[in-house]
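K.L.:
sequence plus the predicted model coming up.
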Amino acid sequence: MKNYIIPSIVAFILAGCTSKTNQTTTTTTTKNQSVKTTVTPDECSTINNLISSYDSGFNSIKTDKVNNQFTNQWRTNTHIIGANCTVTLNKSEQASYQCQTPVKTQTQTIKSHQKLAKQLRQCLTKTGWLESQKETASSIYSTFVLDTKTPVITLATNQEGIGFSSRFEIAPPLGL
């Protein structure tokens, strides 16, 4: 995956330049090149609303309950990736929000992961969140942590068989 990341990021950034109102502009400098990117307040508000709804068990985004005898799970009306996001209540009565979607090609997988990781980075790091990213030949993980009381945000992209899958999750904090 590493061989495609830098060209994919550059291509994505160049292809994604738009002009919207109420945007935050960030300038990133890499190898003597300056690239401006933007994140709208709406993009950050969705993420911030999800983080805020963690304390209530994501009650504000739950829709219908999934019929499953082994776990308490609900569909949601908020989708960060894909169209099948759920809220799951674990045995300790802690809720987590997760979305998973298949992605067709490796190039599309990397672009999608980097786009969302960049959005998360721009929305979260300005308020003190720390990001760690781990990459292997068949996966990329971006994890965002604020402290031991705030939920952990994970974006994982993996090769699964002959295809790829991306997963976004807001889960209980590391300290619990």
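P.N.:
Received the coordinates, thanks. Numbering: from 1, shown residues only.

K.L.:
ok, longest helix in the protein?
P.N.:
The single longest helix within the chain, with elements called by DSSP state H, is helix 106-124.

K.L.:
list the helices and strands it packs on?
P.N.:
helix 2-15, strand 33-39, helix 41-53, strand 130-135, strand 139-145, strand 152-160, strand 163-171 (3 or more C-beta pairs under 8 Å, 6 or more residues apart in numbering; DSSP states H and E). Quick note: C-beta positions are derived from backbone N, CA and C, even for glycine.

K.L.:
on the pLDDT front, check residue 63 for me.
P.N.:
pLDDT recorded at residue 63 is 94.

K.L.:
if I look at the closest residue in space to it that isn't next to it in sequence, how far off is residue 102?
P.N.:
Among residues not flanking residue 63 along the chain, residue 75 sits closest, at 4.8 Å (C-beta to C-beta, 6 or more residues apart in numbering). Residue 75 is 18 Å from residue 102, where distance means C-beta to C-beta, to the nearest Å.

K.L.:
which helix or which strand is home to residue 64?
P.N.:
Residue 64 belongs to strand 62-65 when assigned by DSSP states H and E.

K.L.:
buried stuff in that strand?
P.N.:
Across strand 62-65, burial judged by 16 or more other C-beta atoms under 10 Å covers residue 62.

K.L.:
for stretch 147-155, list the C-alpha coordinates in PDB.
P.N.:
The C-alpha trace of stretch 147-155 is given here as PDB (Å, rounded to 0.1, in the frame of the first residue of the first chain):
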ATOM      1  CA  ASP A 147      -7.600  11.500  26.900                       C
ATOM      2  CA  THR A 148      -8.600   8.400  29.000                       C
ATOM      3  CA  LYS A 149     -12.200   9.700  29.400                       C
ATOM      4  CA  THR A 150     -13.100  10.600  25.800                       C
ATOM      5  CA  PRO A 151     -14.000   8.000  23.200                       C
ATOM      6  CA  VAL A 152     -11.300   6.700  20.800                       C
ATOM      7  CA  ILE A 153     -11.900   7.300  17.100                       C
ATOM      8  CA  THR A 154     -10.400   4.700  14.700                       C
ATOM      9  CA  LEU A 155     -10.400   4.500  10.900                       C
END
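
K.L.:
low pLDDT regions in the chain?
P.N.:
Along the chain, the parts satisfying pLDDT under 70 run over 1-42, 175-176.

K.L.:
please, which helix or strand holds residue 150?
P.N.:
Going by DSSP H and E, residue 150 is not in any helix or strand.

K.L.:
quick one: contacts for it?
P.N.:
Neighbouring residues of residue 150 by C-beta atoms under 8 Å, 6 or more residues apart in numbering: 51, 173.
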